[in-house]
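K.L.:
What follows is a protein structure lacking sequence information:
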RNA sequence: CGGGGCGUGGCGCAGUUUGGCUAGCGCGCCUGCUUUGGGAGCAGGAAGUCGGAGGUUCAAAUCCUCUCGCCCCGACCA
């Protein structure tokens, strides 16, 4: 492609509103253009990169034995009512009413496709002989995000690959899951992305049955905890904290004393009012576990983890208690609950770290009052101690003796063992060898195609622009003729034709522009290999070649240049070896802001 | 949904507090000449319902009311 024949509206300045590198650079490099909040047009360069990511995903899905089909975005709302997901999704589900002669048709635009595919399988699969099977498609998904943000990272409309496995048994499901997991690893590898599969909140079957594929990035919306020593990784909801001895510090116990704290009900207010640090406060939360009130004690600076609390309490449903309930069980309005005197009234669950507190402050179970000098054993007891809070940076690793590191990350993919939730609701059953009717066991596997691009750019750019690996780059090679003289243009055109003939995706900057303009746009757009064709090199029979991540160019003889370059590109397509090496070495500013 | 910010040629902004002449600047775009290996110089030029509606006023980009849109933080969500 010639630059002048394409449509590459690069920008020197950053449009107002773009905050993070991937958004800024995609806009400036002429890859995307915003249509409205959360919806973008992919311009030619952006589309080519998107198609590359899509192609890699498709190839790996096929290689893993998944079978592609294509489902519509529209489906009848009734299908979503059958699985209860109209309510579960709420406003996130995009619903429309179609006017047809004499009637209205209620449809949903799919945020994902469990319902549609399970309905298909329910109708078309009826025997164990047809199982197992994994079906996938790549299509536009619609989610009415309350707050689209960060450019292409969180949009109302996005491209997703979603695969669904259908198995006759748990063992078979595990095999299907493993295949997808492995395929995901290859996909992220091939895209040149650093990634971290992390344990995510488990589903109805129990065990480690859900993994998120995270791309560690400064601007990621998710938080993961990672042990660099043993490799344990989990998202914040899921991350365990190693149990440890938490003896209270050996300090003199102060007397228990009630103090007035008018209007101070939050941790910040109380700590400011009493002039103590949040770690010296005990936060008392009243939950309803399957409708039964329980008290949960957490150190003031920690965050409660509802999943952990739910499991500790052995409950199916857990929710913060309503203000009336709190008032009824503690005798005080919200914000003044405390464990002192609460024993016997309701079960008390305390986080391990509460054991290590001495002379703490907490609510007095009456309005506008707290108690200080609170000590475990003397002033209150808890029936159950457990890990009830979110892990944070520096917490002990649950698998080894090291510590967890907190990292921000972009959720690029998610694999999940679904079980029978959808097959049950939509009647996807099969007849086994013993002529018994069984419910099909499902798994689902999603990858955000757009997020692959955003994640790559977030983690691979420098002050001048994007640094693409060959696998995702909109073009593999950029030719930059320096002057419009006969000899230069002839050499450029010959190389252009030779590279195209060799199957290389090549872009030639044939604009009548100054060198600086072309070089700056080359860096901005980030095509991996730049070839400069100009009188300086040509007089010695050479082109100047430079990988985007390198600082200095190298010279390459004109004779055989196309073959050499095509060889390099072929290697990079398969392995991203040079790209990876540069990233590891930090050479060329990869990853620098 | 709560808090904050911003809407002025294609892009980035000034002007708004304290109303006042044909609404400016930089970049980009068009024409010509000169230049030509890291965002050229000179000269000329096109291009703006000042987000929209209503109001106050002799006079509104500027003041008032309503409204639409975009962005950020939080909440929510998987």
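P.N.:
Ah, there it is. Fair warning: this is a prediction, and the values are worked out from it, not measured in the lab.

K.L.:
could you show me where the strands are in the stretch 101-250 of chain A, in order?
P.N.:
Secondary structure of the stretch 101-250 of chain A, counting by DSSP state E, counting those that start in this stretch: strands at A:103-109, A:133-142, A:157-167, A:196-199, A:210-216, A:222-226, A:233-235.

K.L.:
Would you check the distance separating stretch A:126-146 from the middle of the chain?
P.N.:
Relative to its parent chain, stretch A:126-146 has a centroid offset of 20 Å by CA atoms, centre = their mean, to the nearest Å.

K.L.:
Let me see the mean pLDDT of that stretch.
P.N.:
Summarised as a single mean, pLDDT over stretch A:126-146 is 95.

K.L.:
same deal with stretch A:436-456?
P.N.:
The average pLDDT within stretch A:436-456 is 96.

K.L.:
end to end, how far does it reach?
P.N.:
Counting by CA to CA, to the nearest Å, you get 49 Å between the two ends of stretch A:436-456.

K.L.:
residues of that stretch that come out buried?
P.N.:
With burial defined by 16 or more other CB atoms under 10 Å, the residues of stretch A:436-456 counted as buried are A:438, A:440-456. Placement of C-beta: from N, CA and C, glycine included.

K.L.:
For residue A:315, which of the strands of the stretch 101-250 of chain A is the nearest?
P.N.:
Closest of those to residue A:315 is strand A:210-216, at 19.9 Å (criterion: CB to CB).

K.L.:
elements contacting that closest one?
P.N.:
The contact analysis (3 or more CB pairs under 8 Å, 6 or more residues apart in numbering; DSSP states H and E) places strand A:210-216 against helix A:170-190, strand A:196-199, strand A:222-226, strand A:233-235, strand A:405-419, helix A:449-459.

K.L.:
Could you give me the buried positions within the first one?
P.N.:
Applying a neighbour-count criterion of 16+ other CB under 10 Å, the buried positions in helix A:170-190 are A:172-174, A:176-177, A:179-181, A:183-184, A:187-190.

K.L.:
Mind putting these into TSV with pLDDT?
P.N.:
Formatted as TSV, these follow (pLDDT from 0 to 100):
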residue	pLDDT
A:172	97
A:173	95
A:174	95
A:176	97
A:177	96
A:179	98
A:180	97
A:181	97
A:183	98
A:184	97
A:187	97
A:188	97
A:189	96
A:190	96
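
K.L.:
Go through those and name the one nearest residue A:133.
P.N.:
When those are compared for distance to residue A:133 (CB to CB), residue A:176 wins out at 8.9 Å.

K.L.:
mind checking which of the helices and strands packed on strand A:210-216 is nearest residue A:97?
P.N.:
Here helix A:449-459 is closest among the helices and strands packed on strand A:210-216 (CB to CB), at 28.4 Å.

K.L.:
Tell me which residues are up against that closest one.
P.N.:
Helix A:449-459 has contacts (CB atoms under 8 Å, 6 or more residues apart in numbering) with A:20-23, A:25-26, A:46, A:49-50, A:53-54, A:57, A:138, A:150-153, A:155, A:158-161, A:191-194, A:215-220, A:410-412, A:466, A:468-469, A:472, A:591.

K.L.:
PyMOL command to pick out the buried ones of the residues you listed?
P.N.:
A single PyMOL command selects the buried members of the contacts of helix A:449-459 (16+ other CB under 10 Å):
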select buried, chain A and resi 20+21+22+23+25+26+46+49+50+53+54+57+138+150+151+152+153+155+158+159+160+161+191+192+193+194+215+216+217+219+220+410+411+412+466+468+469+472+591
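
K.L.:
Which of the contacts of helix A:449-459 fall within helices?
P.N.:
Under the assignment DSSP state H, the contacts of helix A:449-459 contribute A:21, A:22, A:23, A:25, A:26, A:46, A:49, A:50, A:53, A:54, A:57 to helices.

K.L.:
Figure out the length between the terminal residues of stretch A:455-474.
P.N.:
Stretch A:455-474: ends 16 Å apart by CA to CA.

K.L.:
List the buried residues in it.
P.N.:
Neighbour-count burial for stretch A:455-474, with 16+ other CB under 10 Å as criterion, is recorded at A:455-462, A:464-474.

K.L.:
Next, work out how far apart the most centrally placed residue in chain A and residue A:464 are.
P.N.:
Against the mean C-alpha coordinate of chain A, by CA atoms, centre = their mean, the closest residue is residue A:411 at 0.7 Å. Using CB to CB, to the nearest Å, residue A:411 is found at 28 Å from residue A:464.

K.L.:
Same check on residue A:273?
P.N.:
Per CB to CB, residue A:273 is found 51 Å from residue A:464.

K.L.:
for residue A:140, same thing?
P.N.:
Residue A:140 is 32 Å from residue A:464, by CB to CB.

K.L.:
mean confidence for stretch A:156-163?
P.N.:
95.

K.L.:
how far does it sit from the chain's center?
P.N.:
In terms of CA atoms, centre = their mean, the centre of stretch A:156-163 is set 13 Å apart from its chain centre.

K.L.:
Other residues contacting it?
P.N.:
A:37-39, A:50, A:54, A:57-58, A:61, A:66, A:94, A:112-113, A:134-145, A:148, A:152, A:180, A:444-451.

K.L.:
Could you list the low-pLDDT ranges of chain A?
P.N.:
A:202-208, A:586-593 (pLDDT under 70).

K.L.:
What are the structural domain limits within it?
P.N.:
According to automatic domain parsing, chain A comprises the domains A:16-240+A:407-456, A:257-386, A:469-589.

K.L.:
Which of the ones you listed sits closest to residue A:5?
P.N.:
Across those (criterion: CB to CB), the nearest stretch is domain A:469-589, sitting at 8.4 Å.

K.L.:
which bits of the stretch 51-200 of chain A sit near RNA strand B?
P.N.:
A:88, A:92, A:146, A:147, A:148, A:149, A:150, A:200 (CB under 7 Å from any atom of the strand).

K.L.:
repeat that with 6 Å
P.N.:
Residues of the stretch 51-200 of chain A lying close to RNA strand B by CB under 6 Å from any atom of the strand are A:88, A:92, A:146, A:147, A:149, A:150.

K.L.:
now do chain A
P.N.:
A:11-13, A:15-17, A:19, A:36-37, A:88, A:92, A:146-147, A:149-150, A:464, A:482-483, A:514-517, A:519-521, A:523-524, A:532, A:534-537, A:544.

K.L.:
Pull out the buried members of these.
P.N.:
If we count by 16+ other CB under 10 Å, those have these buried: A:150, A:464, A:482, A:519, A:520, A:521, A:523, A:524, A:532, A:534, A:537, A:544.

K.L.:
Closest one of those to RNA strand B?
P.N.:
RNA strand B lies nearest to residue A:534 out of these, by CB to the nearest atom of the strand, at 2.1 Å.

K.L.:
give me every residue that touches the closest residue to that closest one other than its chain neighbours.
P.N.:
Once flanking residues are discounted, residue A:534 sits nearest to residue A:482: 3.2 Å by CB to CB, 6 or more residues apart in numbering. When contacts are counted by CB under 8 Å, 6+ apart, residue A:482 touches A:488, A:515, A:532, A:533, A:534, A:535, A:536.

K.L.:
For those residues, give me CSV that also has secondary structure.
P.N.:
Below are those laid out as CSV (DSSP: H, G, I helix; E, B strand; the rest coil):
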residue, secondary structure
A:488, helix
A:515, helix
A:532, strand
A:533, strand
A:534, coil
A:535, helix
A:536, helix
